[in-house]
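[1] one predicted model, sequence on top.
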Amino acid sequence: MGKIKLAAIAAVLGLITASGVPAFAADQNPIDPAARQTVWQQKEYGFLPGPITDGKFHLGFEYAGGHGGASPATNFTATNPSNNKMVFCDHVDRCLAPGFTNLMGFGLFQLCSVTNQAPCVESLEYKIGDSAFQKASFLRSPDPSPTADQISQTARNFNISADAVLSHTGWTANTIPGLPASAPGPLLFELPGAKNSAGTTTYSLAPYFGFSAQNHDGKVSNLSFFDFGINLIPTFVDATKSGSVILGMGNSAGGSNYNFGTSIGFDNSAGDASYVAQDSIGFAAQFPADFTAKISMRLPTELGGWYQGRVDKPTVTVTNLANSENEVVLEGAPVTVPITSADITLFDQANQNVVDWMKSSNLFYPPWDSWKAMDGTPAGGYSFYGWSSFWGVNGFSVLASHLGQKAKGFVSIFEFKRLTNASGPCFSDNTSFQGLLTTNAMVYQPDLPTYSSGMLDYTVAGVHYDANGEVFKGSYNFIMRDSVARCLYGFKGTGPISGSVSVTSSDGQENVAYTNVNDKNGWLTLTAQGFTFSTPTISAKLTQLSDPAPAPTSANPTPDPSGTTAGVASGKKITITCVKGKLTKKVSAVNPKCPAGYKKKA
């Protein structure tokens, strides 16, 4: 069995530690290597897939864009605080049983037309180039639930009871009253005319949400949403292959619970799959050129706040709905992110700075002593870390000398996710959508730009050249409500916001092709395009233009033919009487005037 990446429940680090080198399954991906979502133009590590021959402990470190890989499997558990026992909520009587008070899980969005309860997907639209948007056609939601035999096999392999394995993924809204529905797998759509690199027009959309709740006398209460993400992946559907996502739980030697995720029938350790299911496997491909997607969703207001994404030219529209919901429309183009990796003989004296950094960051698991014990043995040792956005730019400068200046491949991504660590009085409002930050940088700051001394600073990092040897050009887009900027800078009134964006490299040189600050319809957009790496800082300084001047008034205006000036200074309406022979008219205005041929009555 191979490991499968579960984006919704992934730990901060992807980690394998073993004596010797793990076995890798034969390549099962039918897509040409150059057309896959993730393309490695050279081997990730110098010693793979062959054995370690030098007897040393090797550390593999991978910067693969931070994307989620396979679609997140749904996971729903209930916990009894009195004994810390945890069960999967396969059935209502398990998760709502007495004593199991705490509920938590991750689900996948259903279509709103199916569930009519947020969070849900209203529609997926797309276009190529400057053509008009057209609506994608929904196909189905593949089911990765295991068979009874696969559950028994997993129970035997992990020496646990069969009921410690999740028997199915997804649930309908009425299965657990009070909770929104969850699809069993991603939503597959057909996009006619948008042929991807694998030659198909099928795309996998995998929006997930995290929630917590309580069981109160057999009823769900205190429902709260805490996480959200969405991943659109061009997909080649291979109906000749099948597999299942296996989620299980066991008890460690100390008696505490632990969860594990594996796949049966397909080794997705390389992250090739957009989904795994009983009737097929979806393989991830690249987006077509000039592709733009528009995703319309209904979200609980709790899933507002700030989003981060791997998209270019993003736009967002938010409409407040009834029942504490927002309609959110996210639009943008996919980005190509350079990827790279390093093979480090960890305990060589020349690499002591890497050891020191790992110790200070608590990255040795199992403990450092066990890693050190493998070094110098005939079989050697091996450990692997995959960069996650939670890391940010931490450690990049330490590992940079091992990475070189040229990328070893690229990945094609369209991805949004919610930032859960926004803080500060101007950033912390999560009751409605506040803003979005996107970049194509290999490594980026995991939170919002820092505000200090009037500057909004954001740090990214990466290698200088792409896999083809061309200078890699970075992009950065920061969209926020202009009310946030007014809060940060203490701007008063309604005058539009202006400003400037600069990009400064680690050696103090400025290098950026295009910047822009735009304040329109209540949203402020900061853009920087065409900057280079390795560790540039993007800075924005905002200013406010004056409020529109009111219409000028004079304390002593020139008398007009009607003979009245009263009321102009006060802004109040007054009434005059106008006469023309035997005819009279009354005129009311701030500065009333008699019609032509009439004179003001004295």
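    Ah, there it is.
[2] buried ones in stretch 427-441?
    Residues Phe427, Asp429, Asn430, Phe433, Gln434, Gly435, Leu436, Leu437, Thr438, Thr439, Asn440, Ala441 are the ones in stretch 427-441 that count as buried (16 or more other CB atoms under 10 Å). C-beta here means a position set from N, CA and C on the backbone, and glycine is covered the same way.
[3] run the chain-centre distance for it.
    Between the centre of stretch 427-441 and the centre of its host chain there is 10 Å, according to CA atoms, centre = their mean, to the nearest Å.
[4] what's the end-to-end length of that stretch?
    Stretch 427-441 has an end-to-end distance of 23 Å (criterion: CA to CA, to the nearest Å).
[5] likewise stretch 397-409?
    Using CA to CA, first and last residues of stretch 397-409 are 20 Å apart.
[6] cool, and stretch 251-268?
    So stretch 251-268: terminal residues 25 Å apart, CA to CA.
[7] check stretch 366-384 too.
    Distance between the boundary residues of stretch 366-384 (CA to CA) amounts to 12 Å.
[8] where does pLDDT dip in the chain?
    Within the chain, the segments meeting pLDDT under 70 span 1-25, 43-50, 69-72, 252-257, 269, 546-574, 579-591, 595-598, 602.
[9] quickly list the domain ranges of it.
    Split into domains by automatic domain parsing, the chain comes to 2-19+44-67+337-411, 441-544, 563-602.
[10] distance of the closest residue to Ile151 other than its chain neighbours from Ala277?
    For Ile151, the nearest residue in space outside its immediate sequence neighbours is Val165; the separation is 4.7 Å by CB to CB, 6 or more residues apart in numbering. In this structure, Val165 lies at 17 Å from Ala277, with CB to CB, to the nearest Å as the measure.
[11] name the residue in those two with the higher neighbour count.
    For the pair Val165 and Ala277, the greater number of neighbours falls to Ala277 (29 against 23), based on other CB atoms under 10 Å.
[12] so Val92 touches Thr172, yeah?
    No: counting by CB atoms under 8 Å, Val92 sits too far from Thr172 to count as a contact (11.1 Å).
[13] nearest residue to Gly395 other than its sequence neighbours?
    Nearest-residue entry for Gly395: Trp357, 5.6 Å, with adjacent residues in sequence omitted and distances by CB to CB, 6+ apart.
[14] correction: Met374
    Spatial nearest neighbour of Met374, chain neighbours left out: Gly381 (2.9 Å); criterion: CB to CB, 6+ apart.
[15] check Gly129 too.
    Leaving aside its chain neighbours, Gly129 sits nearest to Asp290 (4.4 Å; criterion: CB to CB, 6+ apart).
[16] residue contacts, the one you found?
    When contacts are counted by CB atoms under 8 Å, 6 or more residues apart in numbering, Asp290 touches Ile128, Gly129, Ala333.
[17] so what's the last one up against?
    Pointing back at Ala333 there. Under the criterion of CB under 8 Å, 6+ apart, the contact partners of Ala333 comprise Asp290, Phe291, Thr292, Ala293, Val311, Asp312, Lys313, Phe414.
[18] quick check, nearest of those residues to Asp507?
    Compare each of the contacts of Ala333 with Asp507 using CB to CB and the shortest gap goes to Asp312, at 26.8 Å.
[19] and that closest one, how far from Lys241?
    Going from Asp312 to Lys241 by CB to CB gives 33 Å.
[20] do the same with Thr577
    Going from Thr577 to Lys241 by CB to CB gives 92 Å.
[21] neighbour count: the two, which is higher?
    More neighbours surround Lys241 than the other of Thr577 and Lys241, with 19 against 15 (other CB under 10 Å).
[22] Three-state assignment for that one, please.
    Judged by DSSP: H, G, I helix; E, B strand; the rest coil, the three-state class of Lys241 is coil.
[23] partner residues bridging the spatially closest residue to it that is not a sequence neighbour?
    Closest residue in space to Lys241, ignoring its immediate chain neighbours: Ile281 at 4.4 Å, by CB to CB, 6+ apart. With DSSP bridges as the criterion, Ile281 is bridged to Asp238, Val276.
[24] start the count at 117 instead of 1 going forward.
    With the count now opening at 117, the last piece we talked about shows up as Ile397.
[25] residues near Ile397, how many?
    Per other CB under 10 Å, the neighbour tally for Ile397 reads 30.
[26] please identify the helix or strand for the closest residue to His518 other than its chain neighbours.
    Closest residue to His518 in three dimensions, ignoring its sequence neighbours and counting by CB to CB, 6+ apart: Ala458, at 3.9 Å. Assigning secondary structure by DSSP states H and E places Ala458 in strand 441-461.
[27] all good on my end, thank you.
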